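Student: need a structure here:
(chains A and B)
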Amino acid sequence: MKTTYKPVLLAATAFLAVLLALQWVRKPVENPPVTRPIQAPAEVTAIFRKACYDCHSNETKLTWYDKIAPVSWLIAADVEAARTRFNFSTFDSLAPADQQGKLWEMVNMVAMGRMPLKPYAALHPEARLTGTDLDVLKKYVRSLSPSKYHDSTVVNQEAREFEQLQRETKTIHVRPVAANGIAYLPDYRNWQVISTTNRFDLHSIRILYGNPAAVKAAKENRPFPAGSILVKAVWNSIEEANGDITPGSLNSIQMMVKDPERFPDTAGWGFAKFNGLTLKPYGKTALFNTTCYNCHQIAEKNDYVFNLPAISPAKP
Amino acid sequence: MKKFLIAAALAATSCTQQPQPVRDFFDAGNLTVITAFANTRQKTMALLFGNTAAGRSARAGYRHPEPGAVFRLVIFEQTDNQNWYGSHINGAVRSVESISVAAGGQLVYRLEQGSAPGKPTARIAAIFAHRPAVFPPQL
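Tutor: Numbers count the residues shown, from 1 in each chain, chains lettered A, B, ... in the order given. Sure thing, here's the model as predicted:
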């Protein structure tokens, strides 16, 4: 009896000792001060508090078992990552346009069932969002992005740009290249159009083009093979009270290039955005590629492409 | 008979293994986009295509459309983008209309698909009211 009991006791003691030692390796999550909390109606912040605050704020509430290593390490890593995406405790320090963009992204993350994270929601059923919660959030973000009919800034800028187009005075001498190495490609104007979209969050109207490889994959609803290129032309929209939406000033030309060898960390996609008529590349360092990818994860089931029209019903 | 059935079964299975197109895109042939527009009240989204002569004519304000110019307007149903709350995306084609400019400069209007909300002269005026979207300058 004694001979079998001893090793078990020894192992248990060793396990406890290691567990105890682990507690000093890394501190559990800490809560820095709340400096510039989000400013939103109470019914909206109540939803954020119950579903998002444990990770996306400096008011993380931990249970006793959340504080024990190695569980605490996993939680600390998650909370750290969540706070870098956005932090409700400092949210009001962001520019209004950035706040608006983040809020629409949040609504879409929730609508697609990506947030709150499934393992978290399983342990915290009270954090799950109902259909009513989602409706409240949708109504809130729509109230942040009202239509501005016949917006003179966009109208006047479009008039100037159209005049330049008519006179063909502007040319670009050097091919713009984004920080991740993706170069602007003018060929898209002869490519197949995949879709046209208009957005009531950012107030833009757009055309998505695909090269032959991308178009074939989109037609067959398969993942895009290496060599696929998508190009999206985006204009700030001119909206009228009668419902008309027309292209105003050029916002940007955006690209997605499938090249798994060059972009292994972003599902094979390289992103690029060239702003305005001068096609100024967006992003100072190649890190911007990850920012694009993070939001595109919402469209993971479409190989990270948002603007594919619905699949046609099967033909008899 | 048995052999035939086996062959037919094989043909059927090999067919299902071939990827079948499940999305259709409007094929504008050698025409390129002049502009895109939409109307949220009518729930429509549209693309105006044209050949090179049409593009030049549109840039010049459609004052004297060049002979040989071909314009094609495709109007789609507006649908909600299932991948992004905050975006509309084109659905099925509602109508296709074309305007071609004859050698003498006469405008020939054709309704190629669906129905049009007006008479040819009114449709031509409505289509030519859309000035081209500003694309980036040539490299």
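
Student: For the rest of this, base every contact and every neighbour count on C-alpha atoms.
Tutor: Noted.

Student: Could you tell me how far A:A179 is located from A:L94?
Tutor: Using Cα to Cα, to the nearest Å, we find A:A179 at a distance of 24 Å from A:L94.

Student: hey, where'd the helices end up in the chain?
Tutor: Just so you know, I chose chain A. Taking DSSP state H as the test, the helices found in chain A are A:2-22, A:42-51, A:71-85, A:96-111, A:118-123, A:131-144, A:152-167, A:212-220, A:288-296.

Student: Chain B was what I was after
Tutor: Going by DSSP H, chain B shows helices at B:2-17, B:52-59, B:120-127.

Student: For the second one, name the packing helices and strands.
Tutor: If I follow you right, that is helix B:52-59. In this structure, helix B:52-59 packs against strand B:70-80, with contacts taken as 3 or more Cα pairs under 8 Å, 6 or more residues apart in numbering or on different chains; DSSP states H and E.

Student: Spatially, what comes nearest to B:D24 if we skip its sequence neighbours?
Tutor: A:K219 (6.4 Å; Cα to Cα, 6 or more residues apart in numbering or on different chains).

Student: do the same with A:V141
Tutor: If you skip the residues right next to it in sequence, A:V141 has A:W104 as its closest partner in space, 6.3 Å away by Cα to Cα, 6+ apart.

Student: For that neighbour, grab the count of nearby residues.
Tutor: Here the neighbour count serves as a burial measure; for A:W104 (other Cα atoms under 10 Å in any protein chain shown) it reads 23.

Student: doesn't A:R199 make contact with it?
Tutor: No - the pair A:W104 / A:R199 is not scored as a contact, 11.4 Å apart, by Cα atoms under 8 Å.

Student: Mutual contacts of the two, please.
Tutor: The contact sets of A:W104 and A:R199 overlap at B:G86 (Cα atoms under 8 Å, 6 or more residues apart in numbering or on different chains).

Student: Does B:R110 touch B:S95 like I think?
Tutor: No - when contacts are counted by Cα under 8 Å, B:R110 is not listed as touching B:S95 (11.1 Å).

Student: ok, the closest residue to chain B within the stretch 1-150 of chain A - how many residues close by?
Tutor: Per Cα to the nearest Cα, the residue of the stretch 1-150 of chain A with the smallest distance to chain B is A:N108, at 6.1 Å. As a burial measure, the neighbour count of A:N108 was computed by other Cα under 10 Å and equals 23.

Student: residues in contact with it?
Tutor: Applying Cα under 8 Å, 6+ apart, one finds that A:N108 lies in contact with A:298, B:84-85.

Student: Now for the residue nearest to A:V141: which residues touch it?
Tutor: Contacts for A:W104 were tallied using Cα under 8 Å, 6+ apart; they are A:141, A:201, B:85-86.

Student: Now for those: which two are most distant?
Tutor: Between all members of these, the longest pairwise span (Cα to Cα) is found for A:V141 and B:Y85 and amounts to 10.2 Å.
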